[in-house]
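# give me a model of this one.
(one chain, ligands or ions: 1)
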Amino acid sequence: MSRFLNARYETLEPYTPGEQPKNAGKLIKLNTNENPYPPAPGVVAVIDDRKLVDLKLYSDPEAAALTEAIADFFGLRKGQVIAGNGSDEILAFIFMALQGKSGKVYYPEISYSFYPVYCDIFGAKGIKVPLGADFAVEPADYFHKDGTIVITNPNAPTGRALSRAEIESILEANRDNLVVIDEAYVDFGAESAVGLIGRYDNLLVVQTFSKSRSLAGARIGYALGNEAVIADLNRIKFSFNPYNLNRLSILAGIEAIKDRAYFEETRGRIIKTREAFTAELSALGFHVLPSKANFVFAASDRISGGAYFAALRKFNILVRHFDDEKIANYVRITIGTPKEMRSLIAATKQILESGAAASEGLNG
Ligand code: PMP
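Numbering: from 1, shown residues only. Take a look at the predicted model:
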(Lines give C-alpha, C1' and ligand atoms only; values in the text may rest on other atoms or scores of the structure.)
Protein backbone atom coordinates (compact mmCIF):
# COMPACT_ATOMS: atom_id res chain seq x y z
CA MET A 1 0.00 0.00 0.00
CA SER A 2 1.48 3.35 -0.95
CA ARG A 3 1.26 6.45 1.18
CA PHE A 4 -0.95 8.02 -1.50
CA LEU A 5 -3.96 5.73 -1.02
CA ASN A 6 -6.99 7.40 0.49
CA ALA A 7 -7.69 5.86 3.91
CA ARG A 8 -11.19 4.93 2.77
CA TYR A 9 -9.73 2.19 0.50
CA GLU A 10 -7.24 0.73 2.97
CA THR A 11 -9.54 -2.12 3.95
CA LEU A 12 -11.02 -2.73 0.49
CA GLU A 13 -10.82 -6.41 -0.41
CA PRO A 14 -10.81 -6.69 -4.20
CA TYR A 15 -12.78 -9.29 -6.13
CA THR A 16 -10.71 -12.36 -7.00
CA PRO A 17 -11.28 -13.32 -10.64
CA GLY A 18 -11.02 -16.98 -11.63
CA GLU A 19 -7.53 -17.96 -12.77
CA GLN A 20 -6.69 -17.07 -16.39
CA PRO A 21 -3.62 -19.30 -16.91
CA LYS A 22 -0.87 -18.33 -19.35
CA ASN A 23 -0.53 -21.90 -20.65
CA ALA A 24 -4.27 -22.33 -21.27
CA GLY A 25 -3.51 -24.38 -24.39
CA LYS A 26 -2.82 -27.60 -22.56
CA LEU A 27 -5.50 -27.12 -19.94
CA ILE A 28 -9.15 -28.05 -20.00
CA LYS A 29 -10.40 -24.72 -18.74
CA LEU A 30 -13.71 -25.09 -16.91
CA ASN A 31 -13.22 -22.42 -14.23
CA THR A 32 -14.71 -19.13 -15.45
CA ASN A 33 -17.92 -20.10 -17.27
CA GLU A 34 -16.72 -19.17 -20.73
CA ASN A 35 -18.41 -20.65 -23.77
CA PRO A 36 -16.45 -23.53 -25.35
CA TYR A 37 -17.68 -22.57 -28.83
CA PRO A 38 -16.23 -19.68 -30.86
CA PRO A 39 -18.18 -16.44 -31.44
CA ALA A 40 -20.71 -16.38 -34.32
CA PRO A 41 -19.01 -16.48 -37.76
CA GLY A 42 -20.06 -12.89 -38.54
CA VAL A 43 -18.04 -11.64 -35.55
CA VAL A 44 -14.81 -12.98 -36.98
CA ALA A 45 -15.62 -11.70 -40.48
CA VAL A 46 -16.53 -8.13 -39.49
CA ILE A 47 -13.16 -7.15 -38.04
CA ASP A 48 -10.94 -6.42 -41.03
CA ASP A 49 -7.92 -4.14 -41.60
CA ARG A 50 -10.12 -1.12 -42.28
CA LYS A 51 -11.80 -1.52 -38.88
CA LEU A 52 -8.40 -1.72 -37.25
CA VAL A 53 -7.31 1.52 -38.95
CA ASP A 54 -10.52 3.12 -37.60
CA LEU A 55 -9.19 2.55 -34.09
CA LYS A 56 -7.50 5.93 -34.40
CA LEU A 57 -10.98 7.44 -33.86
CA TYR A 58 -12.98 7.35 -30.64
CA SER A 59 -15.86 4.95 -30.45
CA ASP A 60 -19.50 6.09 -30.41
CA PRO A 61 -20.17 7.11 -26.79
CA GLU A 62 -23.77 5.94 -27.15
CA ALA A 63 -22.78 2.69 -28.85
CA ALA A 64 -26.02 3.39 -30.71
CA ALA A 65 -25.73 0.67 -33.35
CA LEU A 66 -25.18 -1.93 -30.65
CA THR A 67 -27.92 -0.74 -28.29
CA GLU A 68 -30.32 -0.66 -31.26
CA ALA A 69 -29.40 -4.22 -32.19
CA ILE A 70 -29.94 -5.33 -28.58
CA ALA A 71 -33.26 -3.45 -28.41
CA ASP A 72 -34.36 -5.14 -31.67
CA PHE A 73 -33.50 -8.56 -30.31
CA PHE A 74 -35.70 -8.05 -27.26
CA GLY A 75 -38.46 -5.98 -28.91
CA LEU A 76 -37.62 -2.98 -26.71
CA ARG A 77 -36.96 0.69 -27.46
CA LYS A 78 -33.39 1.97 -27.68
CA GLY A 79 -33.93 4.13 -24.59
CA GLN A 80 -34.58 0.98 -22.58
CA VAL A 81 -31.03 -0.30 -23.20
CA ILE A 82 -27.57 0.71 -22.00
CA ALA A 83 -24.37 -1.15 -22.92
CA GLY A 84 -21.31 -1.41 -20.74
CA ASN A 85 -17.77 -2.71 -20.64
CA GLY A 86 -18.89 -6.12 -19.47
CA SER A 87 -21.89 -6.48 -17.19
CA ASP A 88 -19.41 -5.92 -14.36
CA GLU A 89 -19.29 -2.26 -15.35
CA ILE A 90 -23.08 -2.02 -15.50
CA LEU A 91 -23.30 -3.65 -12.06
CA ALA A 92 -20.70 -1.20 -10.77
CA PHE A 93 -22.86 1.73 -11.98
CA ILE A 94 -25.88 0.18 -10.26
CA PHE A 95 -24.15 -0.31 -6.92
CA MET A 96 -22.61 3.17 -7.24
CA ALA A 97 -25.78 5.08 -7.94
CA LEU A 98 -28.96 3.04 -7.66
CA GLN A 99 -28.81 2.10 -4.00
CA GLY A 100 -32.10 3.91 -3.38
CA LYS A 101 -32.61 6.49 -0.67
CA SER A 102 -31.61 4.10 2.14
CA GLY A 103 -28.28 3.16 0.57
CA LYS A 104 -29.09 -0.49 1.25
CA VAL A 105 -28.62 -3.33 -1.21
CA TYR A 106 -30.04 -6.79 -0.48
CA TYR A 107 -28.65 -9.88 -2.22
CA PRO A 108 -28.45 -13.63 -1.51
CA GLU A 109 -25.83 -14.70 0.98
CA ILE A 110 -24.24 -16.97 -1.60
CA SER A 111 -24.18 -15.25 -4.95
CA TYR A 112 -21.85 -13.40 -7.28
CA SER A 113 -18.89 -12.55 -5.05
CA PHE A 114 -18.44 -9.16 -6.71
CA TYR A 115 -21.56 -7.69 -5.01
CA PRO A 116 -19.98 -7.22 -1.56
CA VAL A 117 -16.91 -5.67 -3.20
CA TYR A 118 -19.07 -3.12 -5.02
CA CYS A 119 -20.85 -2.33 -1.75
CA ASP A 120 -17.51 -1.76 -0.14
CA ILE A 121 -16.01 0.46 -2.81
CA PHE A 122 -19.16 2.55 -3.30
CA GLY A 123 -20.22 2.75 0.33
CA ALA A 124 -23.52 0.89 -0.10
CA LYS A 125 -24.81 -1.04 2.88
CA GLY A 126 -24.82 -4.62 1.60
CA ILE A 127 -27.27 -6.95 3.35
CA LYS A 128 -26.87 -10.67 2.77
CA VAL A 129 -30.13 -12.62 2.75
CA PRO A 130 -29.74 -16.25 3.90
CA LEU A 131 -30.63 -19.04 1.50
CA GLY A 132 -33.08 -21.89 2.02
CA ALA A 133 -32.43 -25.63 1.82
CA ASP A 134 -29.89 -26.69 -0.79
CA PHE A 135 -28.99 -23.05 -1.48
CA ALA A 136 -32.46 -22.10 -2.76
CA VAL A 137 -33.28 -18.38 -3.05
CA GLU A 138 -36.63 -17.94 -1.24
CA PRO A 139 -38.66 -15.16 -2.96
CA ALA A 140 -40.62 -14.24 0.20
CA ASP A 141 -37.36 -13.32 1.94
CA TYR A 142 -37.14 -10.36 -0.47
CA PHE A 143 -40.67 -8.99 0.02
CA HIS A 144 -41.18 -5.44 1.37
CA LYS A 145 -37.56 -4.43 1.68
CA ASP A 146 -36.24 -0.89 2.12
CA GLY A 147 -33.51 -0.75 -0.51
CA THR A 148 -32.35 -2.11 -3.82
CA ILE A 149 -32.55 -5.88 -4.36
CA VAL A 150 -30.04 -7.71 -6.55
CA ILE A 151 -30.72 -11.31 -7.50
CA THR A 152 -28.66 -13.42 -9.86
CA ASN A 153 -30.97 -15.66 -11.85
CA PRO A 154 -29.92 -18.39 -12.28
CA ASN A 155 -27.85 -17.87 -9.18
CA ALA A 156 -24.09 -18.24 -9.22
CA PRO A 157 -22.28 -20.36 -8.25
CA THR A 158 -25.23 -22.67 -7.51
CA GLY A 159 -26.96 -22.62 -10.92
CA ARG A 160 -30.40 -22.71 -9.26
CA ALA A 161 -33.09 -20.59 -10.92
CA LEU A 162 -36.28 -18.82 -9.86
CA SER A 163 -39.29 -18.90 -12.17
CA ARG A 164 -40.58 -15.72 -13.80
CA ALA A 165 -43.63 -15.88 -11.50
CA GLU A 166 -41.34 -15.93 -8.46
CA ILE A 167 -39.40 -12.93 -9.76
CA GLU A 168 -42.71 -11.18 -10.40
CA SER A 169 -43.77 -11.78 -6.80
CA ILE A 170 -40.61 -9.97 -5.64
CA LEU A 171 -41.29 -7.07 -8.04
CA GLU A 172 -44.90 -6.85 -6.90
CA ALA A 173 -43.89 -6.69 -3.21
CA ASN A 174 -41.27 -3.98 -3.87
CA ARG A 175 -42.98 -1.40 -6.08
CA ASP A 176 -40.82 1.35 -4.56
CA ASN A 177 -37.53 -0.54 -4.61
CA LEU A 178 -35.36 -1.24 -7.60
CA VAL A 179 -35.13 -4.98 -8.28
CA VAL A 180 -32.07 -5.90 -10.35
CA ILE A 181 -32.04 -9.34 -11.94
CA ASP A 182 -28.53 -10.32 -13.01
CA GLU A 183 -29.24 -12.71 -15.87
CA ALA A 184 -25.64 -13.50 -16.86
CA TYR A 185 -26.59 -17.18 -17.26
CA VAL A 186 -30.28 -16.98 -18.14
CA ASP A 187 -29.92 -18.25 -21.72
CA PHE A 188 -29.03 -21.75 -20.56
CA GLY A 189 -32.54 -22.69 -19.54
CA ALA A 190 -33.99 -20.22 -17.03
CA GLU A 191 -36.95 -17.89 -17.60
CA SER A 192 -35.93 -14.31 -18.31
CA ALA A 193 -37.63 -11.38 -16.58
CA VAL A 194 -37.26 -9.19 -19.70
CA GLY A 195 -40.94 -9.73 -20.58
CA LEU A 196 -41.91 -8.00 -17.31
CA ILE A 197 -40.14 -4.71 -18.12
CA GLY A 198 -43.29 -3.12 -19.63
CA ARG A 199 -45.26 -3.80 -16.44
CA TYR A 200 -42.69 -3.02 -13.72
CA ASP A 201 -40.80 0.26 -13.74
CA ASN A 202 -38.82 -1.05 -10.73
CA LEU A 203 -37.22 -3.85 -12.78
CA LEU A 204 -33.72 -3.70 -14.23
CA VAL A 205 -32.38 -6.76 -16.05
CA VAL A 206 -28.62 -7.13 -16.56
CA GLN A 207 -27.22 -9.49 -19.20
CA THR A 208 -23.88 -10.16 -20.85
CA PHE A 209 -22.28 -11.27 -24.12
CA SER A 210 -19.64 -13.17 -22.12
CA LYS A 211 -21.50 -16.48 -21.74
CA SER A 212 -24.18 -17.36 -24.28
CA ARG A 213 -22.63 -15.17 -27.02
CA SER A 214 -19.07 -16.50 -26.66
CA LEU A 215 -17.57 -13.01 -26.24
CA ALA A 216 -16.08 -12.93 -22.73
CA GLY A 217 -12.94 -11.22 -24.05
CA ALA A 218 -14.88 -8.49 -25.86
CA ARG A 219 -16.30 -7.18 -22.54
CA ILE A 220 -19.89 -6.37 -23.48
CA GLY A 221 -22.73 -6.27 -20.98
CA TYR A 222 -26.02 -4.38 -20.92
CA ALA A 223 -29.00 -3.45 -18.82
CA LEU A 224 -32.64 -3.41 -19.91
CA GLY A 225 -35.31 -1.51 -18.04
CA ASN A 226 -37.55 1.50 -17.98
CA GLU A 227 -36.27 4.64 -19.66
CA ALA A 228 -35.84 6.70 -16.47
CA VAL A 229 -33.60 4.08 -14.83
CA ILE A 230 -31.57 3.69 -18.03
CA ALA A 231 -31.21 7.50 -18.16
CA ASP A 232 -29.86 7.41 -14.59
CA LEU A 233 -27.30 4.80 -15.64
CA ASN A 234 -26.31 6.96 -18.61
CA ARG A 235 -25.87 9.90 -16.24
CA ILE A 236 -23.32 7.82 -14.33
CA LYS A 237 -21.65 6.42 -17.43
CA PHE A 238 -21.18 9.87 -18.98
CA SER A 239 -19.72 11.06 -15.68
CA PHE A 240 -17.25 8.22 -15.56
CA ASN A 241 -16.21 6.76 -18.92
CA PRO A 242 -18.22 7.94 -21.96
CA TYR A 243 -16.35 5.77 -24.51
CA ASN A 244 -16.81 2.66 -22.40
CA LEU A 245 -17.18 0.31 -25.37
CA ASN A 246 -14.38 0.11 -27.88
CA ARG A 247 -14.98 0.11 -31.64
CA LEU A 248 -14.16 -3.57 -32.18
CA SER A 249 -16.42 -4.78 -29.40
CA ILE A 250 -19.32 -2.72 -30.71
CA LEU A 251 -18.92 -4.39 -34.12
CA ALA A 252 -18.53 -7.84 -32.59
CA GLY A 253 -21.59 -7.40 -30.39
CA ILE A 254 -23.82 -6.35 -33.29
CA GLU A 255 -22.86 -9.43 -35.32
CA ALA A 256 -23.28 -11.74 -32.33
CA ILE A 257 -26.76 -10.57 -31.41
CA LYS A 258 -27.96 -10.63 -35.04
CA ASP A 259 -27.13 -14.31 -35.44
CA ARG A 260 -30.06 -15.94 -33.66
CA ALA A 261 -29.54 -19.33 -35.29
CA TYR A 262 -25.96 -19.65 -34.01
CA PHE A 263 -27.03 -18.51 -30.55
CA GLU A 264 -29.81 -21.11 -30.43
CA GLU A 265 -27.54 -23.86 -31.67
CA THR A 266 -24.66 -23.24 -29.26
CA ARG A 267 -26.78 -22.70 -26.17
CA GLY A 268 -28.78 -25.82 -27.06
CA ARG A 269 -25.57 -27.83 -27.25
CA ILE A 270 -24.42 -26.58 -23.86
CA ILE A 271 -27.76 -27.41 -22.22
CA LYS A 272 -27.62 -30.91 -23.70
CA THR A 273 -24.04 -31.42 -22.50
CA ARG A 274 -24.97 -30.13 -19.03
CA GLU A 275 -27.82 -32.62 -18.69
CA ALA A 276 -25.68 -35.57 -19.77
CA PHE A 277 -22.78 -34.49 -17.56
CA THR A 278 -25.06 -33.99 -14.54
CA ALA A 279 -26.35 -37.55 -14.94
CA GLU A 280 -22.81 -38.96 -15.17
CA LEU A 281 -21.45 -37.03 -12.21
CA SER A 282 -24.51 -37.99 -10.14
CA ALA A 283 -23.89 -41.62 -11.07
CA LEU A 284 -20.45 -41.26 -9.45
CA GLY A 285 -22.17 -40.32 -6.19
CA PHE A 286 -21.89 -36.53 -6.47
CA HIS A 287 -24.62 -34.23 -5.23
CA VAL A 288 -25.21 -31.98 -8.25
CA LEU A 289 -27.54 -29.00 -7.77
CA PRO A 290 -30.21 -28.63 -10.48
CA SER A 291 -28.58 -26.10 -12.82
CA LYS A 292 -30.07 -23.77 -15.42
CA ALA A 293 -26.65 -22.22 -16.11
CA ASN A 294 -23.57 -23.16 -18.16
CA PHE A 295 -21.99 -24.67 -15.05
CA VAL A 296 -22.88 -27.10 -12.30
CA PHE A 297 -22.17 -26.91 -8.60
CA ALA A 298 -21.31 -30.30 -7.19
CA ALA A 299 -20.05 -32.00 -4.02
CA SER A 300 -19.18 -35.54 -3.03
CA ASP A 301 -18.93 -37.04 0.42
CA ARG A 302 -15.96 -39.07 -0.83
CA ILE A 303 -13.70 -36.07 -1.44
CA SER A 304 -13.63 -32.48 -0.21
CA GLY A 305 -14.11 -29.64 -2.67
CA GLY A 306 -10.53 -28.47 -2.14
CA ALA A 307 -9.04 -31.94 -2.64
CA TYR A 308 -11.13 -32.58 -5.75
CA PHE A 309 -10.11 -29.20 -7.21
CA ALA A 310 -6.42 -29.96 -6.55
CA ALA A 311 -6.65 -33.50 -7.91
CA LEU A 312 -8.33 -32.33 -11.15
CA ARG A 313 -5.58 -29.75 -11.55
CA LYS A 314 -3.06 -32.61 -11.72
CA PHE A 315 -5.02 -33.87 -14.73
CA ASN A 316 -4.71 -30.35 -16.25
CA ILE A 317 -8.38 -29.71 -15.62
CA LEU A 318 -9.19 -26.36 -14.08
CA VAL A 319 -12.47 -25.89 -12.16
CA ARG A 320 -13.42 -23.29 -9.51
CA HIS A 321 -13.34 -23.81 -5.76
CA PHE A 322 -14.45 -20.97 -3.48
CA ASP A 323 -12.78 -19.96 -0.29
CA ASP A 324 -16.01 -19.81 1.73
CA GLU A 325 -16.70 -22.36 4.40
CA LYS A 326 -20.43 -22.61 3.55
CA ILE A 327 -19.58 -23.97 0.11
CA ALA A 328 -16.15 -25.45 0.82
CA ASN A 329 -17.28 -28.94 -0.15
CA TYR A 330 -18.40 -27.84 -3.60
CA VAL A 331 -16.69 -27.12 -6.86
CA ARG A 332 -18.17 -25.18 -9.75
CA ILE A 333 -17.61 -26.82 -13.10
CA THR A 334 -18.19 -24.91 -16.34
CA ILE A 335 -19.86 -26.90 -19.11
CA GLY A 336 -17.38 -27.32 -21.94
CA THR A 337 -17.56 -29.51 -25.03
CA PRO A 338 -18.79 -33.13 -24.67
CA LYS A 339 -15.16 -34.25 -25.11
CA GLU A 340 -13.93 -32.00 -22.29
CA MET A 341 -16.65 -33.29 -19.99
CA ARG A 342 -15.76 -36.89 -20.85
CA SER A 343 -12.16 -36.14 -19.84
CA LEU A 344 -13.36 -34.71 -16.55
CA ILE A 345 -15.51 -37.77 -15.82
CA ALA A 346 -12.59 -40.09 -16.63
CA ALA A 347 -10.28 -38.10 -14.35
CA THR A 348 -12.89 -38.10 -11.58
CA LYS A 349 -13.20 -41.88 -11.75
CA GLN A 350 -9.43 -42.22 -11.42
CA ILE A 351 -9.30 -39.75 -8.54
CA LEU A 352 -12.02 -41.58 -6.61
CA GLU A 353 -10.46 -44.99 -7.31
CA SER A 354 -6.90 -43.94 -6.47
CA GLY A 355 -7.86 -43.16 -2.90
CA ALA A 356 -6.75 -39.55 -3.40
CA ALA A 357 -10.04 -38.78 -1.79
CA ALA A 358 -9.09 -40.46 1.45
CA SER A 359 -5.46 -39.37 1.58
CA GLU A 360 -6.13 -35.72 0.75
CA GLY A 361 -8.68 -35.34 3.47
CA LEU A 362 -12.20 -36.67 3.35
CA ASN A 363 -14.75 -33.89 3.63
CA GLY A 364 -12.10 -31.22 4.00
N1 PMP B 1 -22.82 -11.53 -13.15
C2 PMP B 1 -22.50 -12.77 -12.80
C3 PMP B 1 -23.44 -13.53 -11.93
C4 PMP B 1 -21.30 -13.36 -13.24
O5 PMP B 1 -20.97 -14.59 -12.87
C6 PMP B 1 -20.45 -12.61 -14.07
C7 PMP B 1 -19.17 -13.23 -14.60
N8 PMP B 1 -18.11 -13.22 -13.72
C9 PMP B 1 -20.81 -11.31 -14.38
C10 PMP B 1 -22.01 -10.80 -13.93
C11 PMP B 1 -19.91 -10.40 -15.17
O12 PMP B 1 -19.74 -10.80 -16.47
P13 PMP B 1 -19.13 -9.84 -17.58
O14 PMP B 1 -18.51 -8.66 -16.89
O15 PMP B 1 -18.16 -10.67 -18.30
O16 PMP B 1 -20.30 -9.43 -18.42
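
# list the contacts of the top helix by length along the chain.
For the chain, the helix with the greatest residue count under DSSP state H is helix 260-283. For helix 260-283, the external contacting residues (C-beta atoms under 8 Å, 6 or more residues apart in numbering) are 35-37, 40-41, 73, 187-189, 212-214, 256-257, 288, 291, 294, 296, 298, 333, 335-338, 341, 344-345, 348. All C-beta atoms are positioned from the backbone trio N, CA, C, and that covers glycine.

# okay, and which of these map to helices?
Assigned to helices by DSSP H, the following of the contacts of helix 260-283 qualify: 41, 73, 256-257, 338, 341, 344-345, 348.

# these: which two are farthest apart?
73 and 348 (38.2 Å; C-beta to C-beta).

# neighbour count: these two, which is higher?
residue 348 (23 against 14; other C-beta atoms under 10 Å).

# quick one: contacts for the nearest residue to the more buried one once chain neighbours are set aside?
Spatial nearest neighbour of residue 348, excluding adjacent residues (C-beta to C-beta, 6 or more residues apart in numbering): residue 284 at 6.0 Å. Residue 284 is in contact with 300, 345, 348-349, 352, counting by C-beta under 8 Å, 6+ apart.

# quick check: the farthest pair among these?
300 and 345, at 12.9 Å, using C-beta to C-beta across these.

# tell me which of these two has more neighbours.
It is residue 300, of residue 300 and residue 345, that has more neighbours when counted by other C-beta under 10 Å, with 24 against 16.

# tell me, how many residues neighbour the closest residue to that one other than its chain neighbours?
What sits nearest to residue 300 in space, not counting adjacent residues and going by C-beta to C-beta, 6+ apart, is residue 286, at 4.7 Å. Residue 286: 22 surrounding residues under other C-beta under 10 Å.

# again with the one 3 residues further on
As a burial measure, residue 289 scores 21 neighbours (other C-beta under 10 Å).

# for the protein, which segments count as helices?
Under DSSP H, the chain gives helices at 41-46, 49-53, 64-74, 86-97, 115-122, 164-172, 227-237, 247-258, 260-283, 305-314, 338-354, 356-359.

# could I get these as TSV with mean pLDDT and distance to the ligand?
Shown next, in TSV, are those (pLDDT from 0 to 100; distance: least, C-beta to the nearest ligand atom, whole Å):
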stretch	mean pLDDT	distance to the ligand
helix 41-46	96	16
helix 49-53	95	22
helix 64-74	98	13
helix 86-97	98	3
helix 115-122	97	9
helix 164-172	98	15
helix 227-237	98	15
helix 247-258	98	11
helix 260-283	98	15
helix 305-314	96	18
helix 338-354	97	20
helix 356-359	53	29
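
# can I get those in a markdown table with distance to residue 198?
A markdown table is the format used below for the helices of the chain (distance: least, C-beta to C-beta, whole Å):
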| stretch | distance to residue 198 |
| --- | --- |
| helix 41-46 | 30 |
| helix 49-53 | 36 |
| helix 64-74 | 11 |
| helix 86-97 | 21 |
| helix 115-122 | 27 |
| helix 164-172 | 12 |
| helix 227-237 | 12 |
| helix 247-258 | 20 |
| helix 260-283 | 22 |
| helix 305-314 | 42 |
| helix 338-354 | 39 |
| helix 356-359 | 52 |
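
# quick one, which of these is nearest to residue 30?
Set against residue 30 and scored by C-beta to C-beta, these come closest in helix 338-354, at 6.8 Å.

# buried residues in that closest one?
340-341, 343-345, 347-348, 351-352 (16 or more other C-beta atoms under 10 Å).

# next: stretch 103-122.
Within stretch 103-122, the residues scored as buried using 16+ other C-beta under 10 Å are 104-108, 110-112, 114-122.

# repeat that for stretch 276-288.
In stretch 276-288, counting by 16+ other C-beta under 10 Å, buried: 277-278, 280-281, 286, 288.

# near the ligand, which residues of the stretch 51-200 of the chain?
Proximity of the stretch 51-200 of the chain to the ligand is confined to 86-88, 112, 152, 156, 182, 184 under the rule C-beta under 6 Å from any ligand atom.

# closest to residue 225 out of those residues?
residue 182 (12.6 Å).

# the most centrally placed residue in the chain: what's it in contact with?
Central residue of the chain (C-alpha atoms, centre = their mean): residue 184, 3.9 Å from the mean position. Each residue near residue 184 by C-beta under 8 Å, 6+ apart is listed here: 87, 112, 152, 156, 206-208, 210-211.

# swap the cut-off to 10 Å and go again
Listed by C-beta atoms under 10 Å, 6 or more residues apart in numbering, the contact partners of residue 184 are 33, 86-88, 91, 112, 152-154, 156, 206-208, 210-212, 221, 293-294.
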